[in-house]
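Novice: sequence and predicted structure are below.
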Amino acid sequence: QVQLVESGGDLVQAGGSLRLSCAASGSIFSINVMGWYRQAPGKQRELVATITSGGSGGSTNYADSVKGRFTISRDNAKNTVYLQMNSLKPEDAAVYYCNAGGLSGSRQWFASWGQGTQVTVSS
């Protein structure tokens, strides 16, 4: 079983910055992709950014709404993914969830979610 624990959510003023972290633990052989999703009240969960494993920092993908403002990165040695959020807008407010997919120690595919961390942006 693979567990994900997010941290870093907070209340910030519009235009400010936050850095979210998500650490994976448990029986892990490899993590192929890690990502961040968010869900605002009354809305569906949406993709924010993903990053794959591999050389040169992995391949990244961003939602159009955060391109140029958010940066996803990962530390493979620590099984940790980060989301640097700059120039935050009130519409970025949501619960941010971490997601990871890969192979467990028993070589079974897994896809895990964290419990979420609240990001609040005041205007």
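Specialist: Great, that's in hand. Numbers count the residues shown, from 1 in each chain.

Novice: which strand or helix spans the residue nearest to the spatial centre of the chain?
Specialist: For the chain, the residue sitting closest to the mean C-alpha position, by C-alpha atoms, centre = their mean, is Trp36 at 2.8 Å. Assigned by DSSP states H and E, Trp36 belongs to strand 28-39.

Novice: got the buried residues for the helix or strand following that strand?
Specialist: Using DSSP H and E, the next helix or strand after strand 28-39 towards the C-terminus is strand 46-52. The neighbour-count check on strand 46-52 (16 or more other C-beta atoms under 10 Å) flags 48-52 as buried. In short, each C-beta sits where N, CA and C put it, glycine included.

Novice: same list (those) but as a markdown table, adding distance to Ile31 and pLDDT.
Specialist: As requested, these are arranged in a markdown table below (distance: C-beta to C-beta, whole Å; pLDDT from 0 to 100):
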| residue | distance to Ile31 | pLDDT |
| --- | --- | --- |
| Val48 | 18 | 98 |
| Ala49 | 15 | 98 |
| Thr50 | 12 | 98 |
| Ile51 | 10 | 97 |
| Thr52 | 9 | 94 |
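
Novice: got the end-to-end distance for stretch 108-116?
Specialist: Start-to-end span of stretch 108-116 (C-alpha to C-alpha, to the nearest Å) is 24 Å.

Novice: so who does Leu18 touch?
Specialist: Applying C-beta atoms under 8 Å, 6 or more residues apart in numbering to Leu18 gives the contacts 8-10, 12, 85, 88, 119.
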